[in-house]
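K.L.:
Fold the following, please.
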Amino acid sequence: MKKSLAILAVLLMTVVCSVFAKTEAIQRISYPGGKCFFYRLYLRDKKGGPYTLSQPDSFLSRRALERRLRQHIAVDSTDLPVSPLYMSMVRVKGIEIIGKSKWNNTLLIRVATEKQLKSLDNLDFITKKLKVFTAPDSINRRTRTVARKEFSSWNRSETEEYGTTTLQINQLDGMPLHTANYRGKGKLIAVFDGGFMNVDRIPAFHNVRFAAHPRDFVYPRAKNIYQEMDHGTMVLSTLAANEPHYFIGTAPDAEYVLVRCEDEYTESRAEEDYWAEAAEYADSLGVDVINSSLGYHDFDDKSSNYPYSAQDGMTALISRTASMVARKGMILVNSAGNDGMGSWKRINFPADARDILTVGAVDEDGVNAPFSSVGPTADGRIKPDCMALGSSTSVISGRGSIINDMGTSFSAPLVAGLVACLWQALPDKNALQIMDLVRRSSNRYTTPDNVYGYGIPDFWKALKMGR
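P.N.:
Got it, this is the predicted structure:
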């Protein structure tokens with residue numbers, strides 16, 4: 001009998017794997033960017049540009065300026081765009097510019113051979129050149145899956161309006177915020193990820209309010225971010241979906257912008273540059289909350305790995321940039337990382353950034369998930385900041401199915417959505433004050449540690465504390 005069952009199990013697994021292969025095949029292809037190298041150029045200043053601090057509306061949207069005005073944040077030199085004069089002088093040398101960061105005053109360039117860099121030697125406004133990427137010969141390429149047109153009947157709950165997401169929102173005491181009609185209305189959330197497979201096809205996303213077209217900062221640009229990985233699809237679902245009795249996210253009434261800044265196929269410091277430009281783009285739109293379920297520490301080129309001593313929130317470009325987000329009037333919610341059971345164990349970059357909410361994962365009983373990365377930062381700050389359900393979280397996959405998946409990638413957006421709801425309820429608070437309320441409302445606030453941080457937030461308590 002056991003042998004028959006074992007054979008049947010193998011046959012069933014074969015069928016499942018066969019179906020999976022047909023819907024999400026992996027193929028090996030040549031690197032689409034060709035043989036090349038990326039370098040980060042650090043620039044001396046921003047001279048030669050037409051932009052001035054007296055006319056910020058030429059490089060920041062009205063919404064961005066109004067957000068800063070509410071929080072008494074002045075526009076400063078970091079907000080000025082990278083000098084177009086310097087960019088043109090680089091291009092004249094035959095160098096392709098594929099990215100830029102005004103907050104860091106850097107350019108990201110692509111060269112076919114490293115000899116091309118010599119043409120830049122006489123440009124004295126370039127203070128440093130740093131290699132951040134070497135193209136691989138080939139990569140694994142994922143094909144788009146077929147999306148379901150409706151949820152399975154067994155996903156429906158006759159008794160729970162929130163269906164499969166009831167537990168993950170209740171654990172954060174977010175339901176009273178929604179009951180009080182604080183569901184993120186008027187707030188703009190940017191979702192940073194590596195792809196949003198089938199978001200354009202899955203019915204559960206058809207009513208999501210998108211404030212702008214998706215943007216892609218990864219080189220080479222994707223033909224269609226809705227055909228890339230579905231990690232961002234799952235993240236977005238925990239925030240934005242609104243399907244009563246099946247699945248409701250933590251901020252279903254917010255507006256969203258989708259941003260691709262993660263290269264699924266390679267791992268390099270160039271992704272820091274993508275992330276930085278994405279953050280600046282979010283700022284320019286007037287985004288209130290950024291959810292970044294991304295983190296880095298182990299690159300393809302091991303010589304470029306950061307040591308733990310760099311986790312001070314200011315050394316890695318991505319962390320330095322993340323540490324600036326609150327000073328621009330936004331709140332960054334970043335996943336802690338899933339390295340708790342590996343040799344690294346620590347939070348990733350930019351989870352070490354200052355003035356952000358770094359989120360780890362717990363199970364339904366509030367117990368730390370073993371995979372959830374731990375702190376502290378190298379300079380002794382408590383990390384993570386808080387915890388949410390990540391072992392496991394109810395999400396909508398790229399196939400349009402409701403599934404359970406594990407990771408701090410999914411605990412972070414639970415917090416990000418309720419941060420938007422809390423800020424909607426307390427519009428006079430600034431970014432730092434809202435984050436402080438989240439920490440203070442958490443169940444381990446008086447006894448924080450570097451596994452749970454300040455614990456699981458209670459967002460209804462945070463609202464009452466903030467009034």
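
K.L.:
Tell me where the stretch 1-150 of the chain has helices.
P.N.:
2-23, 62-70, 84-92 (DSSP state H, counting those that start in this stretch).

K.L.:
By mean pLDDT, show me the worst of those helices.
P.N.:
Lowest mean pLDDT of the helices of the stretch 1-150 of the chain: helix 2-23, a mean of 37.

K.L.:
May I have the beta-bridge partners of the nearest residue to Ser237 once chain neighbours are set aside?
P.N.:
Nearest residue to Ser237, sequence neighbours excluded (Cβ to Cβ, 6 or more residues apart in numbering): Ile396, at 3.7 Å. C-beta coordinates here come from the backbone N, C-alpha and C atoms, glycine included. On the basis of DSSP bridges, Ile396 is bridged to Ile402.

K.L.:
Make sure Ile396 is actually in contact with Ala241.
P.N.:
Yes: taking Cβ atoms under 8 Å as the definition, Ile396 is a contact partner of Ala241 at 6.0 Å.

K.L.:
Could you pull up the residues touching the residue nearest to the spatial centre of the chain?
P.N.:
Centrality entry for the chain: nearest residue to the mean C-alpha point is Ser292, 1.7 Å, by Cα atoms, centre = their mean. By Cβ atoms under 8 Å, 6 or more residues apart in numbering, Ser292 lies in contact with 192, 275, 322, 332-335, 350, 412.

K.L.:
what ranges do the strands span in the stretch 151-300 of the chain?
P.N.:
188-193, 209-210, 215-216, 242-243, 247-248, 255-260, 289-292 (DSSP state E, counting those that start in this stretch).

K.L.:
any idea how this structure splits into domains?
P.N.:
Following automatic domain parsing, one finds the domains of the chain at 37-138, 145-466.

K.L.:
okay if I get those domains as CSV plus distance to Ile29?
P.N.:
Below are the domains of the chain laid out as CSV (distance: least, Cβ to Cβ, whole Å):
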stretch, distance to Ile29
domain 37-138, 6
domain 145-466, 9
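
K.L.:
counting contacts, what elements does the lengthiest strand in the chain pack onto?
P.N.:
Selection of the longest strand in the chain by residue count, based on DSSP state E, yields strand 126-134. Identification of packing neighbours for strand 126-134 by 3 or more Cβ pairs under 8 Å, 6 or more residues apart in numbering; DSSP states H and E yields strand 37-43, helix 270-285.

K.L.:
and among the ones you listed, the most buried is which?
P.N.:
Ranked by mean neighbour count, these are led by helix 270-285 with a mean of 25 (mean count of other Cβ atoms under 10 Å).

K.L.:
Output that one as CSV, restricted to C-alpha atoms.
P.N.:
What follows is helix 270-285, C-alpha atoms only, in CSV (Å, rounded to 0.1, in the frame of the first residue of the first chain):
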residue,chain,number,x,y,z
ALA,A,270,24.9,48.5,-10.1
GLU,A,271,21.6,47.6,-8.4
GLU,A,272,22.4,50.2,-5.8
ASP,A,273,22.5,52.8,-8.5
TYR,A,274,19.1,51.6,-9.9
TRP,A,275,17.7,51.8,-6.4
ALA,A,276,19.0,55.3,-5.8
GLU,A,277,17.5,56.6,-9.1
ALA,A,278,14.2,54.9,-8.2
ALA,A,279,14.1,56.7,-4.8
GLU,A,280,14.7,60.0,-6.5
TYR,A,281,12.0,59.3,-9.0
ALA,A,282,9.6,58.5,-6.2
ASP,A,283,10.5,61.7,-4.4
SER,A,284,9.9,63.7,-7.6
LEU,A,285,6.4,62.3,-7.9
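
K.L.:
For Ala322, see how far away Ile290 is.
P.N.:
In this view, Ile290 and Ala322 are 9 Å apart by Cβ to Cβ, to the nearest Å.

K.L.:
Provide the contact partners of the longest strand of the chain at residue level.
P.N.:
37-44, 108, 114, 117, 120, 266, 268-270, 272-273, 300-301, 304.

K.L.:
now for the domains of the chain, which one comes closest to Tyr31?
P.N.:
Smallest distance to Tyr31 across the domains of the chain (Cβ to Cβ): 5.0 Å, for domain 37-138.

K.L.:
Quickly list what the nearest residue to Ile356 once chain neighbours are set aside is bridged to.
P.N.:
Once flanking residues are discounted, Ile356 sits nearest to Leu332: 4.2 Å by Cβ to Cβ, 6+ apart. Beta bridges link Leu332 to Ile290, judged by DSSP bridges.

K.L.:
give me the number of residues near the closest residue to Ile95 other than its chain neighbours?
P.N.:
Nearest residue to Ile95, sequence neighbours excluded (Cβ to Cβ, 6+ apart): Ile109, at 5.2 Å. Neighbourhood size, Ile109 [other Cβ atoms under 10 Å]: 25.

K.L.:
Gly407 contacts Leu389, doesn't it?
P.N.:
No: in this structure, Gly407 is not within contact of Leu389 by Cβ under 8 Å, at 10.8 Å.

K.L.:
Can you work out which residues contact both of these two?
P.N.:
Joint contacts of Gly407 and Leu389 (Cβ under 8 Å, 6+ apart) are Ala361.

K.L.:
before we move on, back to that, need the winner for burial among the domains of the chain.
P.N.:
Greatest average neighbour count among the domains of the chain goes to domain 145-466 (a mean of 22), per mean count of other Cβ under 10 Å.

K.L.:
What's the mean pLDDT across that domain?
P.N.:
In this model, domain 145-466 has a mean pLDDT of 97.

K.L.:
Any idea how far that domain is from the middle of the chain?
P.N.:
Relative to its parent chain, domain 145-466 has a centroid offset of 6 Å by Cα atoms, centre = their mean, to the nearest Å.

K.L.:
what does stretch 119-130 give?
P.N.:
Computed by Cα atoms, centre = their mean, the chain-centroid distance of stretch 119-130 equals 32 Å.

K.L.:
end to end, how far does it reach?
P.N.:
Taking Cα to Cα, to the nearest Å, stretch 119-130 runs 15 Å from one end to the other.

K.L.:
Stretch 193-212 now?
P.N.:
End to end - Cα to Cα - stretch 193-212 spans 16 Å.

K.L.:
hmm, back to that, give me the common contacts of Ile396 and Ala241.
P.N.:
Residues touching both Ile396 and Ala241 (Cβ under 8 Å, 6+ apart): 204, 247.

K.L.:
now the helices for the stretch 151-300 of the chain?
P.N.:
166-170, 175-179, 231-240, 270-285.

K.L.:
Is it possible to get TSV of those that adds distance to Val208?
P.N.:
Below are these laid out as TSV (distance: least, Cβ to Cβ, whole Å):
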stretch	distance to Val208
helix 166-170	17
helix 175-179	16
helix 231-240	5
helix 270-285	16
